[in-house]
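> Kindly return the folded structure for what I paste below:
(one chain, ligands or ions: 1)
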Amino acid sequence: MTIHLLGLPTDVNSSFLRGAAKAPAYIREALWSDHGNLASELGLELQQEIDLIDEGDLELKDSAADVDLIAQRITDIAQAGGIPLCLGGDHAVTYPIIKGLAAHHGPVTILHFDAHPDLYDDFEGNPLSHASPFARIMEAGLATRLVQVGIRTLNRHCREQAERFGVEIIEMSTFAIDKIPVFSAPFYVSLDLDVLDPAYMPGVSHPEPGGLSVREILACLQCQQAPILGADIVEFNPDAAVGPLSAVTAAKFVKELAALATRNQ
Ligand SMILES: [Mn+2]
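Modelled structure (predicted):
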């Protein structure tokens, strides 16, 4: 089983700051940097037990055509028996990723880490906004189950959308590790790095204080035993980063998600 690292360098659907399109290059640099080694906490190492190939960045058009470009590449990876591990880019990429995965696997279970529910019907007139991917996913029937963790920005519209779509939300205000479901079926992980407290992850476009620690997210992941269908790590904005910490944090999640996908296959 091969993990396909794929960069999706786009931020045209960001509603506030641009910059997330620059993230894949910084994450790769931190991942392969001599600052650390390639061992994961699960005992599996990149370039040893973890079979990961870097497909580079997908050439995107920064238009609505990107939906099908991304979806097709993801379907191709899944059909070949691979696991896509995508580097955003902003969170808009998750809708086409899931569209592509569902074309092969059928509707999926999603474990979604975020400060924001990203359930807007549209945001300022853009239905492909990075604030809307999970509305597109749910209305298209691409997910059987959506579990959101770390949410701390719910407004009335998004609460209504969550209710409409049957989204399970573990809000930050009442977060506890033992509230995280342990899935029995294969699942997808969408990791918006702004779920982290800005103290751990300053380099995001929409920092939201009062978030999760790196350790808490790893605990939510490491308790999972079911196979992983794919994952994304999105919303790192190098322009907002202070020093190397944000890129290193994103790169750590590449390593740990690749290790989890390998262990759980
Ligand atoms: Mn977010």
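
> Find the nearest non-adjacent residue to K99, please.
Spatially, and ignoring its direct neighbours in sequence, K99 is nearest to A71 (4.3 Å; CB to CB, 6 or more residues apart in numbering). All C-beta atoms are positioned from the backbone trio N, CA, C, and that covers glycine.

> Alongside the ion, which residues does this structure contribute?
D114, A115, H116, D192, D194 (CB under 5 Å from the ion).

> 6 Å instead?
D114, A115, H116, D192, D194, H206, E235 (CB under 6 Å from the ion).

> now the strands for the stretch 51-200 of the chain?
52-57, 83-88, 108-113, 143-151, 168-171, 187-192 (DSSP state E, counting those that start in this stretch).

> List the buried residues of the last one.
Put plainly, it is strand 187-192. By 16 or more other CB atoms under 10 Å, the buried positions in strand 187-192 come out as F187, Y188, V189, S190, L191, D192.

> Likewise for the shortest one?
Neighbour counts over strand 168-171 (16+ other CB under 10 Å) mark I169, I170 as buried.

> Any chance you could list what contacts it?
117, 145-152, 154, 162, 179-181 (CB atoms under 8 Å, 6 or more residues apart in numbering).

> The third one now?
Around strand 108-113, the neighbours that count as contacts under CB under 8 Å, 6+ apart are 98, 101-102, 118, 134, 137, 142-150, 183, 185-192, 195, 212, 217, 220, 224, 229.

> same thing with the first one?
Contact with strand 52-57 is made by 2-9, 24, 28, 46, 85, 258, as judged by CB under 8 Å, 6+ apart.

> For the residues of the chain next to the ion, pick the one with the most neighbours.
E235 (31 neighbours; other CB atoms under 10 Å).

> State the number of residues packed around the residue lying closest to Q265 once chain neighbours are set aside.
Using CB to CB, 6+ apart and skipping the chain neighbours, the partner closest in space to Q265 is M1 (4.8 Å). Close neighbours of M1, defined as other CB under 10 Å, add up to 11.

> What is the burial count for Q224?
Count around Q224 with other CB under 10 Å applied: 18.

> In this structure it contacts F183, no?
Yes - counting by CB atoms under 8 Å, Q224 touches F183, with 6.1 Å between them.
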